[in-house]
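> I would like the atomic coordinates for the input below:
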Amino acid sequence: MERAVIELTDVLKMTVSLLAIVEPFGIVPFFLAVTQGWPRPRALAAARTTAFTVLTVLVVSVFAGEAMLGVFGISLASFSVGGGLILLMLALSMLRAQEVGLRQTPEEAEETAERNAAAVVPMGVPLLAGPGAISNVIIQSHQFGGGVDVHVALVLAILFVALVVAVVFSFAGWIADRLGTVGVNLVTRLMGLILAALAVEMMARGLSELFPGLAH
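Residues are numbered from 1 along each chain as shown. Okay, here's the model as predicted:
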């Protein structure tokens, strides 16, 4: 496959699509609930831990994700269709401003709060760096041929998104006060609209590779 030349617009698209999937604003209420009553330094540490978790999981996915698919015999075309479907379902939930589902027993909730583990699971994974975000970076890497320039562009996009996560969670209380429930839902819906378009594009590309006749 001939490598595509990556341009600034492609880097911007990578960043916007990944930010729309991760969508830290939608997790602000959950972050505030988990860190309620915590001292400010501990809450800031949780914000940094969550951002670092997102960074680590997604960077590893960029470099090892396609190899892992090969181990299970999954083609990138099939993964594009499946990943696009996951993103579309996520986008539809965002358009309805629904909260991300999370099931924990009281014992699990107490343990994660005590150990500050909630910053990693579930906030880092899977609420932020979930199947949608992981699928996105793997497919984006393959789409442009997986060269060094593509990996650098994706890592820069991931770094930016992780920085946004750290900033948003560090000022979660201020953001929630200024935006309110309506404001947070509005941002979530806008991100959901962008994500829905990207999901359809991803599925269409995968289907055209699986069934070349559909492209004509």
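
> Gly37 - how many residues pack around it?
Using other Cβ atoms under 10 Å, Gly37 is surrounded by 7 other residues. C-beta here means a position set from N, CA and C on the backbone, and glycine is covered the same way.

> which stretches of this structure have low pLDDT?
Applying pLDDT under 70 to the chain picks out residues 1-5, 97-116, 214-216.

> for it, longest helix please?
Ranked by residue count and defined by DSSP state H, the top helix of the chain is helix 172-210.

> list the helices and strands that one packs on?
helix 8-22, helix 28-34, helix 76-95, helix 131-143 (3 or more Cβ pairs under 8 Å, 6 or more residues apart in numbering; DSSP states H and E).

> which of the ones you listed sits closest to Glu201?
Of all those, helix 76-95 sits nearest to Glu201, with 7.8 Å by Cβ to Cβ.

> return the most buried member of the helices and strands packed on helix 172-210.
Greatest average neighbour count among the helices and strands packed on helix 172-210 goes to helix 131-143 (a mean of 23), per mean count of other Cβ atoms under 10 Å.

> thought Leu90 was touching Ala196?
No: in this structure Leu90 lies outside contact range of Ala196 using Cβ atoms under 8 Å: 9.1 Å.

> mind listing what Val200 touches?
By Cβ atoms under 8 Å, 6 or more residues apart in numbering, Val200 lies in contact with 84, 88.

> the longest helix of the chain: how far from the chain's middle?
Between the centre of helix 172-210 and the centre of its host chain there is 10 Å, according to Cα atoms, centre = their mean, to the nearest Å.

> for that helix, buried residues please.
172-173, 175-176, 184-185, 187-188, 191-192, 194-196, 198-199, 202-203, 205-207, 209 (16 or more other Cβ atoms under 10 Å).

> also stretch 54-63?
The neighbour-count check on stretch 54-63 (16+ other Cβ under 10 Å) flags 54-59, 61-62 as buried.

> nearest to Ile6, of the residues you listed?
Taking Cβ to Cβ as the measure, Ile6 sits nearest to Val62 out of the buried residues of stretch 54-63, at 13.6 Å.

> could you measure from that closest one over to Leu159?
11 Å (Cβ to Cβ, to the nearest Å).

> switch the helices and strands packed on helix 172-210 over to JSON lines; also include distance to Arg40.
Listed next are the helices and strands packed on helix 172-210 as JSON lines, based on distance: least, Cβ to Cβ, whole Å:
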{"stretch": "helix 8-22", "distance to Arg40": "24"}
{"stretch": "helix 28-34", "distance to Arg40": "13"}
{"stretch": "helix 76-95", "distance to Arg40": "30"}
{"stretch": "helix 131-143", "distance to Arg40": "28"}
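
> burial measure for the nearest residue to Val57 once chain neighbours are set aside, as a count.
Excluding its sequence neighbours, the residue lying closest to Val57 (Cβ to Cβ, 6 or more residues apart in numbering) is Ala129, at 4.1 Å. Neighbour count for Ala129, taken as other Cβ under 10 Å: 28.

> where does Ala129 fall, phi/psi-wise?
When quoted as degrees, to the nearest 10, the phi and psi of Ala129 stand at phi -90, psi 70.

> against Thr9, how distant is it?
Taking Cβ to Cβ as the measure, Ala129 falls 25 Å from Thr9.

> check Phe211 too.
Applying Cβ to Cβ to Phe211 and Thr9 gives a distance of 28 Å.
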